[in-house]
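Engineer: could you work out the structure for the sequence below:
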Amino acid sequence: AQAFTVAEDTDGPKMARGTRITLHLKDDAKEYLDEEKLEELIKKYSQFFSHKIYLLKHVVDTSAEEKSDGEKTDGETSDDESKEKESEEPKKEKKLIEKEELMNPSKPLWLRNPKDVTEEEYNTFYKSYFNDSKDPLVHVHFVGEGDVQFRGLFFVPSRAPYSPFSGKSEKEELSKTVSLYVRRVFTKREQLFSEAMSSFVVGLVDSDELPLNVSRETLQNSSLVEQIRRKSVNKVLDKLAALSESNKKAFDSFLSAFGPSVKLEIIQSDTYRKRLSKLLKYQTTLTDGDNKKMLSEYVSGMKEGQKDIYFLAGLDLAELKQSPLIEGFKEDNLEVILATESLDEYCLQALGTFEDHSFKNVAKEKAVDNKVSEDVTSTYKALSEWLKNDVLKEEVSEIVISSRLKESSCAVAASQYGLSGHMESVMKAQAGASNDPMLKFMEMQKKVLELNPTHPVIVALKEAHGRGELGKAKDIVRTIYNGALIRSG
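Structural biologist: Numbers count the residues shown, from 1 in each chain. Okay, here's the model as predicted:
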């Protein structure tokens with residue numbers, strides 16, 4: 001830093017008390033002499049500063065005009081005469097006067113006790129501060145204590161401000177949803193939460209223990225900031241968990257707007273995966289209409305002896321309900337989650353388990369124990385070998401005589417470590433999928449064909465093969481296999 005000296009000012013104006021600071025601006029900084037620019041900067045950085053800040057502004061003196069307007073006489077002239085007189089008189093120039101205007105009248109809402117702040121005050125502050133026309137779904141106001149003391153005020157908007165799948169530069173800017181204050185002075189907007197979580201949490205943090213010139217490196221490396229982040233996330237998740245029980249309508253609105261962001265966070269985050277899983281809701285084979293169940297509700301309703309949580313993913317609910325892959329589950333009254341968003345299969349696979357119960361994708365082989373007897377399986381041995389080694393040798397790795405098919409003749413399932421039909425469709429829809437070597441490799445993985453031994457078409461197929469009518473049998477196989485590919489996703 002350059003050296004400086006302190007000396008008594010004998011030339012400047014005398015002051016009874018206080019301090020006067022005179023800034024000499026360079027030629028390229030003249031914009032900071034503009035009143036509007038100064039007002040913008042003060043309101044941005046010091047809107048909630050504890051000391052009053054006044055800006056000396058030049059405004060039009062309206063007092064003289066008001067006085068002349070008020071001096072009415074009984075002998076007023078007509079309108080025409082007045083206009084003629086006005087045209088003859090020279091127009092008076094507007095007089096500018098200096099006037100001090102308070103720039104920071106707002107009091108920091110977050111410094112007050114949450115018990116003393118009304119819901120209307122929270123809503124008004126949110127709409128003004130974050131430029132939203134709608135009230136937030138919920139607010140989180142708390143004091144964080146420990147190694148670092150801070151005050152946090154966060155809101156969950158009622159609608160998504162941006163998509164978590166926006167372009168990279170847009171995401172980086174919009175994910176900075178938390179305003180960081182140090183002793184009521186705004187320092188910067190930062191990404192306190194992950195990109196996915198930032199899409200449904202906005203707010204501010206105020207601490208007396210961080211430096212005013214806090215930098216990005218400080219935010220990334222400071223243990224104090226990490227404690228602020230951890231406590232803030234926990235408080236927000238606690239509030240959302242409470243909302244799911246206290247106000248189901250508001251919570252359903254939250255999931256409707258931000259469900260994909262919650263699932264994306266589950267996929268990307270190991271730290272909060274377990275807590276976020278308690279916020280998920282799904283339609284199932286046992287729910288009616290648009291009703292959905294929490295995963296905890298699914299578990300509490302599991303049949304005795306059921307160990308796994310069954311799910312089937314796809315984009316069309318009606319098609320999922322008619323899928324041949326869940327026929328046996330419905331007959332046995334085993335509940336199956338019907339996951340209809342593109343991220344659902346990724347999400348449930350990332351979770352792995354919920355309350356010690358594993359997730360099992362019914363679109364894959366061995367989703368449930370096969371109850372077909374060995375005698376029945378042996379009667380289809382010749383047909384199975386012919387299908388596997390001849391007709392469908394390029395498409396299937398195994399033929400299974402299945403007990404889970406009740407009404408359909410057959411179904412196509414993925415191998416244990418292969419892609420389900422839905423996952424394959426989702427990956428193909430992604431940008432650059434045509435050049436993805438991993439997708440091409442997974443597409444080459446063969447499927448598992450499950451046959452219903454009691455279905456008339458399969459019985460007829462077995463008989464045609466037994467009589468040596470291979471041409472007819474191949475036609476039947478191609479017809480039912482192609483249909484099964486579509487119905488199985």
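
Engineer: enumerate every residue touching Met15.
Structural biologist: Counting by Cβ atoms under 8 Å, 6 or more residues apart in numbering, Met15 makes contact with nothing. All C-beta atoms are positioned from the backbone trio N, CA, C, and that covers glycine.

Engineer: all helices for the stretch 201-350 of the chain, in order.
Structural biologist: 216-221, 223-246, 248-268, 273-277, 295-300, 317-321, 327-331, 344-351 (DSSP state H, counting those that start in this stretch).

Engineer: so what does the fifth one touch, helix or strand wise?
Structural biologist: Right, helix 295-300. In terms of contacts (3 or more Cβ pairs under 8 Å, 6 or more residues apart in numbering; DSSP states H and E), helix 295-300 is packed against strand 281-284, strand 308-313.

Engineer: report the angle between the longest one and helix 344-351.
Structural biologist: Read that as strand 308-313. 150 degrees (axes from the mean of the first three to the mean of the last three Cα atoms, to 10 degrees).

Engineer: starting at the chain centroid, how far to strand 308-313?
Structural biologist: Distance of strand 308-313 from the chain centroid (Cα atoms, centre = their mean, to the nearest Å) equals 23 Å.

Engineer: show me the contacts for the most centrally placed residue in the chain.
Structural biologist: Centroid-nearest residue in the chain, with Cα atoms, centre = their mean: Ser261, separated by 2.8 Å. Counting by Cβ under 8 Å, 6+ apart, Ser261 touches 160, 164, 196-197, 199-200.

Engineer: now Lys447. Its backbone dihedrals?
Structural biologist: The phi/psi pair for Lys447 (degrees, to the nearest 10) reads phi -100, psi 170.

Engineer: what residues does Lys446 make contact with?
Structural biologist: Per Cβ under 8 Å, 6+ apart, neighbours of Lys446: 394-397, 415, 418.

Engineer: show me those residues that map onto helices.
Structural biologist: Cross-referencing the contacts of Lys446 against helices under DSSP state H gives no overlap.

Engineer: before we move on, the earlier item: can you put the helices of the stretch 201-350 of the chain in JSON lines and add distance to Gly471 and mean pLDDT?
Structural biologist: Shown next, in JSON lines, are those (distance: least, Cβ to Cβ, whole Å; pLDDT from 0 to 100):
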{"stretch": "helix 216-221", "distance to Gly471": "69", "mean pLDDT": "59"}
{"stretch": "helix 223-246", "distance to Gly471": "60", "mean pLDDT": "92"}
{"stretch": "helix 248-268", "distance to Gly471": "49", "mean pLDDT": "94"}
{"stretch": "helix 273-277", "distance to Gly471": "53", "mean pLDDT": "95"}
{"stretch": "helix 295-300", "distance to Gly471": "48", "mean pLDDT": "96"}
{"stretch": "helix 317-321", "distance to Gly471": "33", "mean pLDDT": "92"}
{"stretch": "helix 327-331", "distance to Gly471": "30", "mean pLDDT": "94"}
{"stretch": "helix 344-351", "distance to Gly471": "39", "mean pLDDT": "94"}
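
Engineer: ok, which of these comes nearest Arg487?
Structural biologist: Closest approach to Arg487 among the helices of the stretch 201-350 of the chain is made by helix 317-321 (7.9 Å; Cβ to Cβ).

Engineer: just checking, what packs against that closest one?
Structural biologist: strand 336-339.

Engineer: let's go with 10 Å and repeat that
Structural biologist: strand 281-284, strand 308-313, strand 336-339 (3 or more Cβ pairs under 10 Å, 6 or more residues apart in numbering; DSSP states H and E).

Engineer: before we move on, the earlier item: same list, the helices and strands packed on helix 295-300, but as TSV with mean pLDDT and distance to Ser373 please.
Structural biologist: Output for these, formatted as TSV (pLDDT from 0 to 100; distance: least, Cβ to Cβ, whole Å):
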stretch	mean pLDDT	distance to Ser373
strand 281-284	96	30
strand 308-313	96	23
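
Engineer: nearest to Ser179, of the helices and strands packed on helix 317-321?
Structural biologist: Comparing these by Cβ to Cβ, strand 281-284 comes nearest, at 31.4 Å.

Engineer: neighbouring contacts of the closest one?
Structural biologist: 244, 248, 251-252, 255, 259, 287, 289-295, 297-298, 301, 310-312, 317, 320-321, 335-341, 344, 348 (Cβ atoms under 10 Å, 6 or more residues apart in numbering).

Engineer: can you turn the buried part of those residues into a ChimeraX selection?
Structural biologist: The command below creates a ChimeraX selection of those among the contacts of strand 281-284 that count as buried (16 or more other Cβ atoms under 10 Å):
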select :244,251,252,255,259,287,292,293,294,295,298,310,311,312,320,335,336,337,338,339,340,341,344,348
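
Engineer: ok so, going back, figure out which of the helices and strands packed on helix 317-321 is closest to Asn104.
Structural biologist: Nearest of these (Cβ to Cβ): strand 281-284, 43.7 Å.

Engineer: pull up the pairing partners for the closest one, direction included.
Structural biologist: Here strand 281-284 has these sheet partners by DSSP bridges: strand 293-294 (antiparallel), strand 336-339 (antiparallel).

Engineer: sorry, back to before: quick check, nearest of the contacts of Lys446 to Ser133?
Structural biologist: Gly418 (48.0 Å).
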